[in-house]
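K.L.:
coords below, sequence missing:
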DNA sequence: AAGTTATATCCCCATATCGGAATATTTCAA
DNA sequence: TTGAAATATTCCGATATGGGGATATAACTT
């Protein structure tokens, strides 16, 4: 088997940085393909393709108006991701775990000045 | 350019279902490769490979004990994902948006009995 | 030293990617 | 009808994937 298609699920769809940028932009409201492409400095075909992937997994909805296609975000589809990640939140929330992680990183010698993220 | 490497960042690393299963398992505590492989019914090499990816993005830490290698989760690395997704939470949290989404789906004719997720 | 257990690594391969570039399609305008 | 504007689609190519299978490496045991 090869890597799962980007359209396989939301997790794969949002693995792409450009697509995350598109979603962030759309969170601000409906946008046409050209608007998106210009805002994010993407070429029109790439914008269309990324939107196609997002549409395939249901993260966006389209509405045709004249010759424009207006895309809207369907944020709800991110809920599974939110739920999955949130389950781990407690593991980094308290101080004991931060100390623990700090020690781990110290030990693996990967302490630089990078954000802990 | 091709698709970004799975080791490019956490978003790509967790796009793989098996790797998410591994993380979920590790959230319960330290586990050896064999334990993980057996628990998740993976073959040892695949388990090692997936752990390699998770290690590469810092989602897990390793500790060698005898001939075993014990993996621990480093949940903190999920924070960027959590933060990114959480920013959209308000978009699906209130009822108005649910109604809006419902209408959108109705209009695109994709209403079946699938979970809204 | 020889055998065994626990992991990691290597090779193979079918598959999908993402960007670029060109072109097709749809819709409005003159 | 002809042209232009807005999108979508197609073909290309380099690249990494993930599972299978075999094997290498490391560490403990007797």
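P.N.:
Sure thing, it's come through. Computed from a predicted structure; not experimentally measured. Numbering: from 1, shown residues only, chains lettered A, B, ... in the order given.
K.L.:
can you tell me how far residue A:61 is from residue A:72?
P.N.:
Residue A:61 is 5 Å from residue A:72, where distance means C-beta to C-beta, to the nearest Å. All C-beta spots, glycine's among them, are computed from the backbone N, C-alpha and C.
K.L.:
these two: which has the busier surroundings?
P.N.:
Taking other C-beta atoms under 10 Å in any protein chain shown, residue A:61 and residue A:72 do not tie; residue A:61 has more neighbours (22 against 17).
K.L.:
which SS class is that one?
P.N.:
Assigned by DSSP: H, G, I helix; E, B strand; the rest coil, the conformation of residue A:61 is strand.
K.L.:
in space, what's closest to residue A:60 - neighbours in sequence excluded?
P.N.:
Nearest non-adjacent residue to residue A:60, counting by C-beta to C-beta, 6 or more residues apart in numbering or on different chains: residue A:54, 4.4 Å away.
K.L.:
all strands for chain A, in order.
P.N.:
A:31-32, A:60-65, A:68-73 (DSSP state E).
K.L.:
check whether the second one comes near DNA strand C.
P.N.:
So that's strand A:60-65. Yes: residues of strand A:60-65 are located near DNA strand C by C-beta under 7 Å from any atom of the strand, namely residue A:64.
K.L.:
what's the offset of that strand from the middle of its chain?
P.N.:
20 Å (C-alpha atoms, centre = their mean, to the nearest Å).
K.L.:
closest point of chain A to DNA strand C, which residue?
P.N.:
residue A:2 (3.1 Å; C-beta to the nearest atom of the strand).
K.L.:
give me the helix or strand of chain A that scores worst on average pLDDT.
P.N.:
Lowest on mean pLDDT, DSSP states H and E among the helices and strands of chain A sits helix A:95-107, with a mean of 55.
K.L.:
residues of stretch A:27-41 that come out buried?
P.N.:
Buried residues in stretch A:27-41, defined by neighbour count with 16 or more other C-beta atoms under 10 Å in any protein chain shown: A:31-33, A:36-37, A:40.
K.L.:
tell me which two of those residues sit farthest apart.
P.N.:
The most widely separated members of the buried residues of stretch A:27-41 are A:32 and A:40, with 12.7 Å between them, by C-beta to C-beta.
K.L.:
how about the nearest residue to residue A:88 once chain neighbours are set aside, what does it touch?
P.N.:
Distances taken as C-beta to C-beta, 6+ apart place residue B:75 nearest to residue A:88, at 4.4 Å, with adjacent residues excluded. Residue B:75 is in contact with A:88-89, A:91-92, A:97, B:27, counting by C-beta atoms under 8 Å, 6 or more residues apart in numbering or on different chains.
K.L.:
let's see it at 10 Å
P.N.:
Contacts for residue B:75 (C-beta atoms under 10 Å, 6 or more residues apart in numbering or on different chains) come out as A:85, A:87-93, A:97, A:101, B:23, B:26-27, B:59-60, B:82.
K.L.:
now list the buried members of those residues.
P.N.:
A:85, A:88, A:91-92, A:101, B:23, B:26, B:59-60, B:82.
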